[in-house]
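Peer 1: Got a predicted model here, sequence first, then my questions.
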Amino acid sequence: MQTTPDTAIILGTGLGRLAAEINISLSIEYKDIPNFPVSTVEGHSGRLIFGKLGNKDIMAMEGRFHYYEGYDMKQVTFPIRVMNELGIKTLFVSNAAGGTNPDFEIGDLMIITDHINALPEHPLRGKNFPNGPRFLDMHEAYSIELREKALAIAKEKNIKVQQGVYLATQGPTYETPAEYKMFRTWGADAVGMSTVPEVIVANHCGIKCFGISVITDLGVEGKIVEVSHEEVQIAANAVQPIMADIMREMINRA
Ligand code: HPA
């Protein structure tokens, strides 16, 4: 078996269904890969998958690493360095996020146009990896070409999509109303606990990125209610088919 994918997917929240569509030719448990961290979050297994999605060779991470689990940023982003070594050129990511944009509703999909890194440790801190510059440009962290393609697909398929800025916090708490309000004034449309470290390192490696957030709860004044991990999962699961539809098309046309 020989797979030489140039496309990788981080199967974050909302992409379980897409995982089921992968025709797997090789799967490697994280625990069997030297230096790979092992996921600790309930509902996140841990393996690298190689196979075909439609007619496209892909590599997928089933289970990702979050800073709040206790890993440092080198560990959180180690899989991206591995992807780069394997020749990956394009990275697709998904996540669950709380919407801070008052126009958003629970269940909306948001194409990530840009991000704000509000994490306490920068993934590129320390000795520079020679495959990218010390001072990395971030003016197009999320590929405009891929975003335009996604908008075209959504239009074709009559899928409602939002666009906006994703802000990453360290978690594991959800935000207080005051924090949601602050992040909104900073320019965030959605808040979550992942994606930004991986996207920064992917950019450092010259890997093009595309990301979608599922809006699973609202951090909007007057609409804030108690939120639980279970509710986030339920809201994300409900839009899995649409999320999978967009990602599948994106990957097959990539
Ligand atoms: N905040 C942070 N992370 C999240 C949220 C939220 O409201 N919803 C899902 N992940």
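Peer 2: Okay, I see it. Numbers count the residues shown, from 1 in each chain.
Peer 1: can I assume residue 197 is in contact with residue 169?
Peer 2: No - using Cβ atoms under 8 Å, residue 197 is not in contact with residue 169, being 11.9 Å away. Quick note: C-beta positions are derived from backbone N, CA and C, even for glycine.
Peer 1: Just give me the residues shared between the contact sets of the two.
Peer 2: Common neighbours of residue 197 and residue 169, using Cβ atoms under 8 Å, 6 or more residues apart in numbering, are residue 119.
Peer 1: And for residue 227, the neighbour number?
Peer 2: Here the number of neighbours of residue 227 (other Cβ atoms under 10 Å) works out to 16.
Peer 1: Is stretch 85-101 positioned near the ligand?
Peer 2: Yes - applying Cβ under 6 Å from any ligand atom, one finds stretch 85-101 touching the ligand at 96-98.
Peer 1: List the buried residues of that stretch.
Peer 2: In terms of neighbour count (16 or more other Cβ atoms under 10 Å), stretch 85-101 has its buried residues at 88, 90-101.
Peer 1: what's in contact with stretch 116-135?
Peer 2: Counting by Cβ under 8 Å, 6+ apart, 67, 72-74, 76-77, 81, 84, 136, 165-170, 183, 186-188, 196-197, 200-201, 203-206 sit against stretch 116-135.
Peer 1: from those residues, which would you call buried?
Peer 2: Judged by 16+ other Cβ under 10 Å, buried ones among the contacts of stretch 116-135: 67, 73-74, 76-77, 81, 84, 165-169, 183, 188, 196-197, 200-201, 203-205.
Peer 1: and the ligand, which of those residues contact it?
Peer 2: Counting by Cβ under 6 Å from any ligand atom, no member of those is near the ligand.
Peer 1: now, which of these lie within strands?
Peer 2: Residues of the buried ones among the contacts of stretch 116-135 located in strands (DSSP state E): 165-168.
Peer 1: which residues in the stretch 51-200 of the chain form strands?
Peer 2: Applying DSSP state E, counting those that start in this stretch to the stretch 51-200 of the chain gives strands spanning 56-62, 90-99, 109-117, 161-168, 190-192.
Peer 1: tally of neighbours for the residue nearest to residue 52 when sequence neighbours are not counted?
Peer 2: Spatial nearest neighbour of residue 52, excluding adjacent residues (Cβ to Cβ, 6 or more residues apart in numbering): residue 23 at 4.5 Å. By other Cβ under 10 Å, 11 other residues sit near residue 23.
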